[in-house]
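Trainee: Next comes the sequence, and after it the predicted model I'd like to discuss.
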Amino acid sequence: SLLIIIVSFIAIMLRLVLMTAADRQNRKTAWNRFVSRYREQFYYWEFVLFIRRVLIAVFSVSVQDATLKFVFLGILLFFTFLQHSCAPFVIVESNQMEFILLVFLVVIQGTQISADLNATVINVIVSILIVA
């Protein structure tokens, strides 16, 4: 069933890519519901969110190895940076809230990793997360 969802989502995104900007922003089309929350140049952002959600689901459920947890932390940091640098939402407060929630997700993942490490490494990681 996940494969059907992924294929459907890719088909929707391909349709949006093939449309003109005016057609995507036309409120009379059903496709507008996929792009109306985002600034015009970020019409594809729903696809970015979908990829992020799938990665979070896969990594949070299936990864037990400490090295892969650090990879997941890096992926979360990448998406946090991407959100902050692009600010894709039309509403400024939505961009700020999404960024804050992603930072909290990074902190939570960092504390999950910390159970496997000694106290000195934990303090360094938490300090870096607080400063970032």
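Mentor: That came in fine, so what should we check first?
Trainee: buried sites along stretch 65-72?
Mentor: Going by neighbour count (16 or more other CB atoms under 10 Å), the buried part of stretch 65-72 is 69, 72. All C-beta atoms are positioned from the backbone trio N, CA, C, and that covers glycine.
Trainee: I'd like the average pLDDT over that stretch.
Mentor: On average, the pLDDT along stretch 65-72 is 86.
Trainee: before we move on, what about stretch 94-105?
Mentor: For stretch 94-105, mean pLDDT is 95.
Trainee: what's the distance between it and the middle of its chain?
Mentor: 10 Å (CA atoms, centre = their mean, to the nearest Å).
Trainee: got a list of contacts for it?
Mentor: 37, 56, 76, 79-80, 83-84, 87-89, 132 (CB atoms under 8 Å, 6 or more residues apart in numbering).
Trainee: Try it again at 7 Å.
Mentor: The contact list for stretch 94-105 (CB atoms under 7 Å, 6 or more residues apart in numbering) reads 76, 79-80, 83-84, 87, 89.
Trainee: Is there a quick PyMOL command that grabs whichever of these are buried?
Mentor: Only the buried entries of the contacts of stretch 94-105 go into this PyMOL selection, using 16+ other CB under 10 Å:
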select buried, resi 76+79+80+83+89
